[in-house]
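Q: Sequence first, predicted model second:
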Amino acid sequence: MPITPATAANSSPNGTGETILLELVDEDGRTIGTAEKLAAHQAPGQLHRAFSVFLFDEQGRLLLQQRALGKYHSPGVWSNTCCGHPYPGEAPFAAAARRTFEELGVSPSLLAEAGTVRYNHPDPDSGLVEQEFNHLFVGMVQAELRPDPSEVGDTAFVTAAELAERHARGTFSAWFMTVLDAARPAIKELTGPGAGW
């Protein structure tokens, strides 16, 4: 049975009194145990399962989110549509759909697997480390967004050219380009050659 906030003994860095467990994995993505969320991100970091979602509108524009200023990790930076961690025992696809709804108040109208990527990204500002085996998902969003302000500071739909411009002048998450580049083949298949991804 998946461990969720309702089934786990819940002290987290977000001040909710909730202990969030992450699934630790080996280099091949096989589960080898669990760790508390903050402990897994403290240097040098523990390799754990994560997911990243890239949702597009019908014009082929990518939905970005700016992480809320109250988040303990990478606050205020821009990143992909949604990212997070499955609960131990939770399928990454289910976790991606769940967190997209929790953060943005919308369910994807289409969501498909887009491979995995493994990375190690230290965050110089916080001293935390992203050692992740990341499951990638691409899809479509058609409903009106209802972001949770405790999770999301702002949102924007951008073309590939607009993203390049924003990325050159703005602050993005340490992992953003790694996950975007890994998801590009699936993004191109979803949006078509004319979208420029």
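A: That came in fine, so what should we check first? Treat the numbers as computed from the prediction; the structure is a model and nothing was measured. Residues are numbered from 1 along each chain as shown.

Q: Dig out what the most centrally placed residue in the chain forms beta bridges with.
A: By Cα atoms, centre = their mean, the mean C-alpha position of the chain lies nearest to residue 83, the distance being 1.0 Å. Counting by DSSP bridges, residue 83 is bridged to residue 52.

Q: now residue 36
A: Counting by DSSP bridges, the residues bridging with residue 36 are residue 21.

Q: My read is that residue 152 contacts residue 104, right?
A: Yes: if you go by Cβ atoms under 8 Å, residue 152 and residue 104 touch, sitting 6.6 Å apart. For every residue, glycine as well, the C-beta is placed using N, CA and C.

Q: From the chain's centroid, how far away is the biggest helix by length in the chain?
A: In terms of residue count, the longest helix belonging to the chain (DSSP state H) is helix 176-191. Offset of helix 176-191 from its chain centre (Cα atoms, centre = their mean, to the nearest Å): 13 Å.

Q: From residue 61, how far off is residue 161?
A: Taking Cβ to Cβ, to the nearest Å as the measure, residue 161 falls 11 Å from residue 61.

Q: which of those two has more neighbours?
A: residue 61 (18 against 9; other Cβ atoms under 10 Å).

Q: Just give the nearest non-adjacent residue to that one, would you?
A: residue 157 (4.0 Å; Cβ to Cβ, 6 or more residues apart in numbering).

Q: What is the burial count for the one you found?
A: Applying other Cβ under 10 Å, we find 16 residues neighbouring residue 157.

Q: same check, this time on residue 72
A: Residue 72: 14 neighbours (other Cβ under 10 Å).
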